[in-house]
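**Q** need a structure here:
(chains A, B, C and D)
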There are 2 protein chains.
Amino acid sequence: MTPNRPTMNDVARTAGVSLKTVSRVVNGETTVAPELAARVHAAVESLDYRPHLGASMLRRNDRRTRTIGVLLDDVSHPFSAALHRAVEDQARAGGIHVLTGSLDRDPVREKALTAAFAERQTDGLILAPSGAELDPHEMPVVYVDRVPTGATGDTVVSTNVSGAAGAVRHLIAHGHRRIGFLGGDRHLSTARDRYAGYQRALGRRAGPAVHDLHDPTDAERAAVSMLRTADPPTALFTTQSMVTIGVVRALRRLGREHSVALVGFDDFPLADLLDPPVTVVAQDPARMGRTAATALFERIDGHDGPPREIRIPTTLIARGSGEL
Amino acid sequence: MTPNRPTMNDVARTAGVSLKTVSRVVNGETTVAPELAARVHAAVESLDYRPHLGASMLRRNDRRTRTIGVLLDDVSHPFSAALHRAVEDQARAGGIHVLTGSLDRDPVREKALTAAFAERQTDGLILAPSGAELDPHEMPVVYVDRVPTGATGDTVVSTNVSGAAGAVRHLIAHGHRRIGFLGGDRHLSTARDRYAGYQRALGRRAGPAVHDLHDPTDAERAAVSMLRTADPPTALFTTQSMVTIGVVRALRRLGREHSVALVGFDDFPLADLLDPPVTVVAQDPARMGRTAATALFERIDGHDGPPREIRIPTTLIARGSGEL
DNA sequence: CTACTGCGAGACAACGTTGTCCCTCCATTT
DNA sequence: AAATGGAGGGACAACGTTGTCTCGCAGTAG
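**A** Sure, this is the predicted structure:
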């Protein structure tokens, strides 16, 4: 049996003061005589005492765990990972720590993880909503990337409609008239919004569209069959990086990478090193994460205004694949 | 003022039973009469009661928070992100949740975050050690990616020496005799081990070496100047993906990507789509994460054997850049 | 010299939960 | 009919900490 971790009581005993005095010293109250405080500090050092955050938060008035939850699609996806990192950095500035979870767009997981975080008394939540009904957890929530259905709260999203429309107009400006669309899961507001932008830019001239693509493999297959139709598009617009990468592979496989134009929504690492370099509508996941964290901390600190919907602008980065 | 979250006492009152009976039902004890249990469940539903994990863990005998900490270099780096995700998946199987933090190889951060996690009573820690002295936190720790200095514990690492040696031998087999080395921070065991592998493969014929590179920009600069020396290497070996990417940029900039061979340690997304496709010694971060998590959970469950050093094999993936 | 003030420090309760103990029933046994 | 036993459920303490209250004591004023 290893000895248990020391408690305030142990510190009090070795310092020869009362438990409460230790509490005062540890919490930096100034009403303790310097000599006693020194004895307490010495005891803390010698025992390697660490306060028990769970116990203190049980009794404290503010009830803060100084921990938030971050629930994203997949922490190993570059977009989610960048957003996660930005949230972490923002949190660290305030001494807040982060519980994470990957949802894989699974509403069941979303429910389970929000419940688990609620049991752990996280002070708030940053959530990429999967499109399911959400139960209220009496906890501040900021939604990122997507707009939730049937719930309200601060929301931080990219300018999806205008960003997508801009991408498509860019292709139009380079002479394309028949522009194919390859998009993600229509349960998610991002996919719908980006499709709306595509449609807005093209009006009745909208080209062939494939929806509900997730991974590069699906996307590659879809792109190949789209390009093998009778009247194939001369340009493609993709709504997320995994789809874009699949399409790059498809074009490469067909030897059409220099004859079919491509603009993808969401930037990805090494896009500029491909041949041709891939033109994208870049999102700013770091800024989204910072913004969401800031909004969440305001809510945690009691800010009580109406729900805000914050749009983070996107940037068209012309690298070559969209200028064919 | 929003009403506070309901407690077991509230549930007990609305169900008309004692607090302890609620506790029994919530914890799935079977000694409660079905009729009472049903009343309790109904009350739990109607109040949307959630147990307070902090309070229960304070009193419970096992003292588990069912939360572990994961401290990596940078959760937005592909290697760390993949490892993180694998740990999360393994943890989810056991109903464990994950606190994360990025260390940026900063010993101060490492100390601060391990202390913060200790205060939060995490059941254990998975840590990519930054090379600093570690204080013991009376908590099971599994080290990943690198071997810690001055501490012992289960360690999960890639076969760094043999992997690096294999990469260099691969270049030798393709006729290269003058092979340059571009490596990372020598405070870290990975950089040292990969350099050792490089040296082992080359013996006295070791070529020019640059160390302590971090990001693609530094690496690009270093590669350019190495290739502009009087007797430039005909092949390069890089020890981590950020460096590899920088070197790819350098070769591209010099127009030497088809004349200078390159093998990189650690695979990265889209390496196969570059021109030429990049030959790498692939690590298996997912397996490392799973292995580390499994080892940690064994330790948490009381396994008490001597420290284990688990080596996860690497795989040479020949794609073109190393076969010039 | 007494009464008051204020500050330092301890005693005690409380946070929400679970471990332990004990009491009450009712069914069985003799 | 009385004793026995087991199962269900409640009372109480405890986990490690902080909020509140109170007490003692020194210093000051009257």
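**Q** can you map out the helices along chain A?
**A** All helices of chain A, identified by DSSP state H, fall at A:8-15, A:19-26, A:34-47, A:53-59, A:78-93, A:107-119, A:160-173, A:189-202, A:216-227, A:241-254, A:285-300.
**Q** make TSV out of those and add mean pLDDT and mean neighbour count.
**A** C-beta coordinates here come from the backbone N, C-alpha and C atoms, glycine included. As requested, these are exported to TSV (pLDDT from 0 to 100; neighbours: other CB atoms under 10 Å in any protein chain shown):
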stretch	mean pLDDT	mean neighbour count
helix A:8-15	93	19
helix A:19-26	93	19
helix A:34-47	92	16
helix A:53-59	94	17
helix A:78-93	97	22
helix A:107-119	94	18
helix A:160-173	98	21
helix A:189-202	97	21
helix A:216-227	97	19
helix A:241-254	97	23
helix A:285-300	98	22
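**Q** make JSON lines out of those and add distance to chain B.
**A** What follows is the helices of chain A, written out as JSON lines (distance: least, CB to the nearest CB, whole Å):
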{"stretch": "helix A:8-15", "distance to chain B": "13"}
{"stretch": "helix A:19-26", "distance to chain B": "11"}
{"stretch": "helix A:34-47", "distance to chain B": "12"}
{"stretch": "helix A:53-59", "distance to chain B": "4"}
{"stretch": "helix A:78-93", "distance to chain B": "4"}
{"stretch": "helix A:107-119", "distance to chain B": "4"}
{"stretch": "helix A:160-173", "distance to chain B": "21"}
{"stretch": "helix A:189-202", "distance to chain B": "20"}
{"stretch": "helix A:216-227", "distance to chain B": "10"}
{"stretch": "helix A:241-254", "distance to chain B": "7"}
{"stretch": "helix A:285-300", "distance to chain B": "9"}
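**Q** residues near A:T314, how many?
**A** 22 (other CB atoms under 10 Å in any protein chain shown).
**Q** oh, that last question was meant for A:P232, not what I typed.
**A** 16.
**Q** what pLDDT does it get?
**A** Per-residue pLDDT puts A:P232 at 95.
**Q** A:R205 now?
**A** 89.
**Q** I'd assumed A:F181 was in contact with it.
**A** No. Applying CB atoms under 8 Å, one finds A:R205 not in contact with A:F181, separated by 11.9 Å.
**Q** so those two - more neighbours on which side?
**A** Per other CB under 10 Å, whichever of A:R205 and A:F181 has more neighbours is A:F181, with 23 against 11.
**Q** just checking, that one touches A:A191?
**A** No. Using CB under 8 Å, A:F181 makes no contact with A:A191, being 10.4 Å away.
**Q** common neighbours of these two, please.
**A** A:T239 (CB atoms under 8 Å, 6 or more residues apart in numbering or on different chains).
**Q** tell me the buried residues in stretch A:59-77?
**A** Using 16 or more other CB atoms under 10 Å in any protein chain shown as the test for burial, stretch A:59-77 gives A:64-77.
**Q** from the residues you listed, pick the one nearest DNA strand D.
**A** A:R64 (11.0 Å; CB to the nearest atom of the strand).
**Q** picking that back up, strands - which of the buried residues of stretch A:59-77 land there?
**A** A:T67, A:I68, A:G69, A:V70, A:L71, A:L72 (DSSP state E).
**Q** can you redo the residues you listed as a markdown table with distance to chain B and pLDDT?
**A** Formatted as a markdown table, these follow (distance: CB to the nearest CB, whole Å; pLDDT from 0 to 100):
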| residue | distance to chain B | pLDDT |
| --- | --- | --- |
| A:T67 | 7 | 97 |
| A:I68 | 11 | 97 |
| A:G69 | 9 | 97 |
| A:V70 | 8 | 98 |
| A:L71 | 11 | 97 |
| A:L72 | 11 | 98 |
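**Q** let's have these in CSV, adding distance to DNA strand D.
**A** Below are those laid out as CSV (distance: CB to the nearest atom of the strand, whole Å):
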residue, distance to DNA strand D
A:T67, 16
A:I68, 21
A:G69, 23
A:V70, 26
A:L71, 29
A:L72, 33
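**Q** just those residues now: which is nearest B:R120?
**A** A:T67 (7.0 Å; CB to CB).
**Q** up against DNA strand C, what does the stretch 51-200 of chain A have?
**A** Proximity of the stretch 51-200 of chain A to DNA strand C is confined to A:A55, A:L58, A:R59 under the rule CB under 7 Å from any atom of the strand.
**Q** which among these are in contact with DNA strand D?
**A** Counting by CB under 7 Å from any atom of the strand, A:A55, A:L58, A:R59 from those sit close to DNA strand D.
**Q** once you drop chain neighbours, what's closest to A:M57?
**A** Excluding its sequence neighbours, the residue lying closest to A:M57 (CB to CB, 6 or more residues apart in numbering or on different chains) is A:T65, at 5.4 Å.
**Q** show the pLDDT at that neighbour.
**A** On the pLDDT scale, A:T65 gets 95.
**Q** circling back: columns distance to B:I300 on top of the helices of chain A, output as JSON lines?
**A** JSON lines is the format used below for the helices of chain A (distance: least, CB to CB, whole Å):
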{"stretch": "helix A:8-15", "distance to B:I300": "24"}
{"stretch": "helix A:19-26", "distance to B:I300": "28"}
{"stretch": "helix A:34-47", "distance to B:I300": "24"}
{"stretch": "helix A:53-59", "distance to B:I300": "17"}
{"stretch": "helix A:78-93", "distance to B:I300": "24"}
{"stretch": "helix A:107-119", "distance to B:I300": "18"}
{"stretch": "helix A:160-173", "distance to B:I300": "43"}
{"stretch": "helix A:189-202", "distance to B:I300": "38"}
{"stretch": "helix A:216-227", "distance to B:I300": "37"}
{"stretch": "helix A:241-254", "distance to B:I300": "35"}
{"stretch": "helix A:285-300", "distance to B:I300": "30"}
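**Q** ok, the residue lying closest to A:G131 once chain neighbours are set aside - contacts?
**A** Take A:G131 and drop its neighbours on the chain: the residue closest to it by CB to CB, 6+ apart is A:H187, 4.2 Å away. Each residue near A:H187 by CB under 8 Å, 6+ apart is listed here: A:R105, A:S130, A:G131.
**Q** nearest residue to A:I68 other than its sequence neighbours?
**A** A:G124 (4.9 Å).
**Q** my read is that that neighbour contacts A:T67, right?
**A** No. When contacts are counted by CB under 8 Å, A:G124 is not listed as touching A:T67 (9.2 Å).
**Q** what's the residue nearest to A:G131 sitting at in phi/psi?
**A** phi -70, psi -20 (degrees, to the nearest 10).
**Q** can you tell me how far it is from DNA strand D?
**A** A:H187 is 43 Å from DNA strand D, where distance means CB to the nearest atom of the strand, to the nearest Å.
**Q** repeat for A:D215
**A** Taking CB to the nearest atom of the strand, one finds A:D215 at 47 Å from DNA strand D.
**Q** go on, A:E29?
**A** Distance from A:E29 to DNA strand D, by CB to the nearest atom of the strand: 8 Å.
**Q** surely A:P140 is in contact with A:I300?
**A** Yes. Here A:P140 reaches A:I300: they are 5.4 Å apart, a contact under CB under 8 Å.
**Q** neighbours of the residue nearest to A:I68, how many?
**A** 23.
**Q** contact partners for it?
**A** So A:G124 contacts A:I68, A:G69, A:M139, A:P140, A:V141, A:V142, A:L296, A:F297, A:R299, A:I300 (CB under 8 Å, 6+ apart).
**Q** touching, the last one and A:L125? I think so.
**A** No. With the criterion set as CB under 8 Å, A:I300 and A:L125 do not qualify as a contacting pair; they are 10.3 Å apart.
**Q** backbone dihedrals for the residue of the stretch 101-250 of chain A found nearest DNA strand D, please?
**A** Closest contact between the stretch 101-250 of chain A and DNA strand D, by CB to the nearest atom of the strand, is at A:Q121 (13.4 Å). Phi and psi for A:Q121, reported as degrees, to the nearest 10, are phi 60, psi 40.
**Q** so how many other residues sit close to it?
**A** A:Q121 has 20 neighbouring residues, counting by other CB under 10 Å.
**Q** just give the nearest non-adjacent residue to it, would you?
**A** Per CB to CB, 6+ apart, closest to A:Q121 is A:T65, 4.9 Å.
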